[in-house]
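Chemist: only geometry, no sequence info:
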């Protein structure tokens, strides 16, 4: 039999990476534990039996990572963390995010917190919506912000005719006077669905939601009323608790999470994009891929993708969406690296084809089909 | 006459700090400019006149900071940024927050964006609410999370009798079943106002708002209905656009901003706490002080405090609230350092007085009065 204390504290186990000498880190790990639990001198906190037994957490292990950092594994009190989504982040990495020696390396929920349900749709839901079960999906972006309204619509139509599965707004598209959300969503959806009617495909137009909760919920109402079949939102821009409220209570369709404003300093990418975004309800997670404009390594990207698909806290698997300055030439390499349950997002480089955009798009989507066929052949599949 | 392009781009000037050799940084600064404006290959973006003239921003200067980093000053397009609060952050430091070599050093708004109004109350509004015009204010926290309900109320009463100006919830206080928000707010407010009726002071009880927008707005309604005269919220936990909506459209009382979860993005503290929090509506900003549990230097803390009080984008000055592991013994030193328009927050260390909490509190508030009197004498003031 485990104690009541252990029961309560089993559910949230967090690993922080702390920089320093072993002597420094031993002291600092105890400070982090205090900071993330009661944020009160320990002698004061221990006066109260309920606080002492259920709020103070425990340091489970402290191991050198061999590179001047140490991994401190702690059990944190779910009795505090589980009450709302903001409080969960607060306990996970609130004040300690301000300590420059500390990063959040990983966390685990032994049992799902009833607060979080993860993706409503996940990989299988997005596959069902787009009607593709057997290959990686393709995604592209309508951009740049500021192009004429008719050009936005023309790009949507061309991408749909080129066979792209998901056509998303650029993340700089908001409810701008020069391209209002309501008009854009209607026109883009019409263009894509007209193309679908001709081709028999089920390409999805994905509008970007941006603003305060009132603004985003208004946009979402418009989008869902006209029949949009997926949306995009940036959890860290909108605020994670609002993102969770959105996915959990308002969305009838899948959501692609955009990484804008997610930072790089404080939380390991596999923990933020692979676990937090998914736990809070992202069905697919866009992240900065290796070898493009960003600096993530192959290992980091593989870690994000793997984490998104691995069983975690009762949440459905979510699609990894590697992106950021990639070229169509890399299709085979990237699909070989990321595997079948991937959405490959190629944006700006397609647009460089100019008048030959339809050809470039067809070439992109055909390369993905080809890569999937050879992968299936190599594995002896259909 | 300046060109239309310059007019539009004067309003948002951003400085990024980029790490690397001069050759690397010259290339990287152009990439950051593209990333934060059109996020599309430049040759594609330049095809469209409106995009070329009004969306692409410009690199204004690039100067070595002498420490292996360079400061890149850029004008960014307010036509994109000004449409909503999420989009503002997106343009300010969205994707570039994912570049490990880039931090956001500073930003300026030559003219106030009509979107942001800054603090509704600011320093003068909080001084009016608490009825103290001539000295630094005192603040303490009710904690730790998990103490019995009656103990929460007793602490409030003792702090009020000890003459503290602002008594805030600990940032781990949420709507927990063991200390529900509605009951806590009513009981703490009653305790403090009863004490005020006896002493003639106007001490303010400051409840913490936590959760998703729906949860926070419900808590705010309860708090405002029972007559709370200030609230606390953590902008980065709740999400900055929601925090802005809250301050801008829902709050009838001042708000203290808590820094929890603010550390992951790579934003210089004077820019995040001094400018962003204030622009989005914080009337007072709590930050991790030097010489306590956190690692900010004296210079960084002085920079935050100065920035909060310096004219910026038409926003009212906001109170700096240095905090984090400070002892009453440091009162004179800290007030000498931070000056009169400061709220000094001392939490946990007061509680170490145990049965002598009232005496410790009286000693804290008396030291602040004393320090203010000697500062006034030294400056020849009243």
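Modeler: In hand now; what should we look at? Predicted model, so just to flag it, every value in this text is computed and none were measured.

Chemist: quick one: pLDDT of residue A:7?
Modeler: What the model reports as pLDDT for residue A:7 is 48.

Chemist: do residue A:293 as well
Modeler: For residue A:293, the model assigns a pLDDT of 78.

Chemist: now swap in residue A:115 and tell me
Modeler: For residue A:115, the model assigns a pLDDT of 84.

Chemist: now swap in residue A:82 and tell me
Modeler: In this model, residue A:82 carries a pLDDT of 88.

Chemist: quick one, what contacts it?
Modeler: By C-beta atoms under 8 Å, 6 or more residues apart in numbering or on different chains, the contact list for residue A:82 reads A:11, A:88, A:113-115. Placement of C-beta: from N, CA and C, glycine included.

Chemist: go again using 6 Å as the cut-off
Modeler: A:113, A:115 (C-beta atoms under 6 Å, 6 or more residues apart in numbering or on different chains).

Chemist: tell me how far residue A:170 lies from chain B.
Modeler: 7 Å (C-beta to the nearest C-beta, to the nearest Å).

Chemist: so where's chain A uncertain?
Modeler: Where chain A drops to pLDDT under 70, the residues are A:1-10, A:112, A:380-382.

Chemist: chain neighbours aside, what residue packs nearest to the most far-flung residue of it relative to its centre?
Modeler: Ranking residues of chain A by C-alpha distance from their mean position (C-alpha atoms, centre = their mean) puts residue A:47 at the top, at 41.5 Å. Excluding the flanking residues, the one nearest residue A:47 by C-beta to C-beta, 6 or more residues apart in numbering or on different chains is residue B:354, at 7.7 Å.

Chemist: what about whatever residue of chain A ends up closest to chain B, how many residues close to it?
Modeler: Proximity to chain B, evaluated over chain A using C-beta to the nearest C-beta, is greatest for residue A:239 at 1.2 Å. A count of nearby residues for residue A:239, using other C-beta atoms under 10 Å in any protein chain shown, gives 29.

Chemist: ditto for the one 3 residues further on
Modeler: The number of residues packed around residue A:242, counting by other C-beta under 10 Å, is 31.

Chemist: cool, and residue A:77?
Modeler: Neighbours around residue A:77, by other C-beta under 10 Å: 26.

Chemist: try residue A:114
Modeler: With other C-beta under 10 Å as criterion, residue A:114 counts 8.

Chemist: where does it sit: helix, strand or coil?
Modeler: Using DSSP: H, G, I helix; E, B strand; the rest coil, the structure places residue A:114 in coil.

Chemist: right, and residue A:105 touches residue A:270 too?
Modeler: No. Counting by C-beta atoms under 6 Å, residue A:105 does not reach residue A:270; the two are 8.9 Å apart.

Chemist: sorry, back to before: residue B:242 is in contact with the residue of chain A closest to chain B, correct?
Modeler: Yes. Using C-beta under 6 Å, residue A:239 is in contact with residue B:242, at 5.0 Å.

Chemist: more neighbours: which of residue A:105 and residue A:270?
Modeler: Between residue A:105 and residue A:270, residue A:270 has the larger neighbour count (other C-beta under 10 Å), namely 22 against 19.
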